[in-house]
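Have a look at this fold, sequence not included:
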């Protein structure tokens, strides 16, 4: 078996990166430096024409898109607890994962890359401000989930939702949102980051959990 994960530090690829380390399975992490445009190299585009991370290569088979990668890993390593195994708990976790990926994540894209949606610089500022306010509300929904009392978003064991919540909360700092104003999610992220397997990922990606800087 040969597993290779192409990731970019701080990107959503953190989620499968953390899950692979938590699963304790051998894999090769390959860093893609987005700021250097490595995702647009001919070699990378030949593997993933969309030029995105993450990419999982499993025995030569290329798998893209975070939800597909997580479902593939969950099926391959059921003991890892990437998602609940069955029943309503699994359905609810999949619902939250899909929402994180198709609603929360793209809202942040409007904050971080408004130039994807218009080449009008004035409109970009409006999009960024509007999306940042929307993003704050979405993080509030994650905060409500984190405050329900279970140690992790899937219940008793850490799962992919916790890794995604950490990522989305961390991004909030770039949207002008202080993570400590979301205390349940901030505590969840710190607990997750303290797990030895996850700490290895954070060290490999050289991540700072709180990137928020108050406006002067």
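Sure thing, it's come through. Bear in mind that the values here come from a model prediction, so they are computed numbers and not experimental data.

got the buried residues for the helix or strand of the chain with the lowest mean pLDDT?
Sorting the helices and strands of the chain by mean pLDDT, DSSP states H and E puts helix 42-47 at the bottom, at a mean of 92. By 16 or more other C-beta atoms under 10 Å, the buried positions in helix 42-47 come out as residue 44. C-beta: built from backbone N, CA, C; applies to glycine.

mind checking the SS state of the spatially most central residue of the chain?
Per C-alpha atoms, centre = their mean, the C-alpha nearest to the average position across the chain is that of residue 12, at 3.2 Å. Look at residue 12: counting by DSSP: H, G, I helix; E, B strand; the rest coil, its state is coil.

mind listing the strands for this structure?
Ranges of strands within the chain are 3-7, 28-31, 55-58, 61-64, based on DSSP state E.

Show me what the longest one is in contact with.
What it means is strand 3-7. Contacts to strand 3-7, defined as C-beta atoms under 8 Å, 6 or more residues apart in numbering, come from residues 13-14, 16-17, 20, 25-32, 44, 47-48, 53-58, 205.

mind running it again at 7 Å?
13, 16-17, 20, 25, 27-32, 53-58 (C-beta atoms under 7 Å, 6 or more residues apart in numbering).

Count the neighbours of the closest residue to residue 200 other than its chain neighbours for me.
Distances taken as C-beta to C-beta, 6 or more residues apart in numbering put residue 21 closest to residue 200, at 5.6 Å, once the chain neighbours are dropped. Using other C-beta atoms under 10 Å, residue 21 has 22 other residues around it.

And for residue 183?
Around residue 183 there are 12 residues (other C-beta under 10 Å).

Same check on residue 132?
Neighbours of residue 132 (other C-beta under 10 Å): 19.
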